[in-house]
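*Asks:* compute the structure for the input listed below.
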Amino acid sequence: MKDSPIGIFDSGVGGTSIWKEIQKLLPKENTLYLADSKNAPYGEKSKEEIVRLSRKNTEFLLQKGCKLIVVACNTATTNAIAYLRDNYDVPFIGIEPAIKPAALNSKSRTVGVLATKGTLASSLFHSTSENHAHGIQILEQEGTGLVELIEKGEHQSAKMRSLLKKYLDPMLDKGIDYLVLGCSHYPYLIPLLRELLPEQVRIIDSGEAVARQTKAILLERDLLDSYNGKVKHQFYSNTDKTVLKNLLHNTDAEIEVSYLDF
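*Replies:* Numbering: from 1, shown residues only. Predicted coordinates:
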């Protein structure tokens, strides 16, 4: 099992931001990534549909022999990870908005959260906010349309800039000093966000934390790969793979990107 791949799935290409953190921290691990772009965005779907899609992705990854599965999608984590953990005998790592560090460090006591409708509406998101944000004003903003533009490779377009400005300005008017990114697609917006946000506003995403948790679970289960041979990274997309390939073009790892109608 040690040389079996880490499985990763997302509602599209955004979870590659998580994959990059995992690959950087665990360079000896094989990985298998599913970009379910055909069904993106998950954030607009019902909980039942999100669970169904998460189950479909999980079963594919298990058929491929994955030893651990990273749910690299905030919406799928907040809506489906409890179901997955109850029904499949493999460790699952989830991703949820990093509200805790933002709340702990905010000086203005006002934190912005940019996330999908599915994440913001979930019980896990609300319990996280209640547990870690006492005395903090949490400003929630649905990122409607952002995932679709990223899936088209338009993450630095004029339309993206206009949407982000529309979503950010009300939060800035209320004095946020932290912006929490609640979708694994959104780290690809950080260069543009830094142009639009004042210097004092910190941006937080969950990528590094997910990579650290992945390593911790592999160590705990004695599943860490110590093999020094060739490492394989396989990516599957069920739509045009061009955007996926473009987002991965600057990685040093040897990767293979394929179309697959899963």
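
*Asks:* helix/strand/coil for residue 138?
*Replies:* strand (DSSP: H, G, I helix; E, B strand; the rest coil).

*Asks:* distance of it from residue 180?
*Replies:* 9 Å (C-beta to C-beta, to the nearest Å). No exception for glycine: its C-beta is placed from N, CA and C like everyone else's.

*Asks:* cool, residue 245 as well?
*Replies:* 29 Å.

*Asks:* of the two, which one has the most company?
*Replies:* For residue 245 versus residue 180, neighbours defined as other C-beta atoms under 10 Å are more numerous around residue 180 (27 against 14).

*Asks:* quick one, what contacts that one?
*Replies:* Taking C-beta atoms under 8 Å, 6 or more residues apart in numbering, we find residue 180 in contact with 97-99, 102, 111-115, 204-205.

*Asks:* I'd assumed it was in a strand, is it?
*Replies:* Yes. With three-state DSSP as the criterion, residue 180 is part of a strand.

*Asks:* ok, back up a step: so what sits against both of residue 138 and residue 180?
*Replies:* 99, 111, 113.

*Asks:* where does the stretch 51-200 of the chain have low pLDDT?
*Replies:* By pLDDT under 70, the stretch 51-200 of the chain has no low-scoring segment.

*Asks:* got the phi and psi for the spatially closest residue to residue 116 that is not a sequence neighbour?
*Replies:* Nearest residue to residue 116 in three dimensions, chain neighbours excluded: residue 43, at 2.5 Å (C-beta to C-beta, 6 or more residues apart in numbering). Torsion angles at residue 43 (phi, psi; degrees, to the nearest 10) stand at phi -60, psi -20.

*Asks:* got it, and the one 10 residues further on?
*Replies:* Dihedral pair for residue 53: phi -70, psi -40, per degrees, to the nearest 10.

*Asks:* ok, it - how many residues close by?
*Replies:* 22.

*Asks:* ok, now residue 258?
*Replies:* 10.
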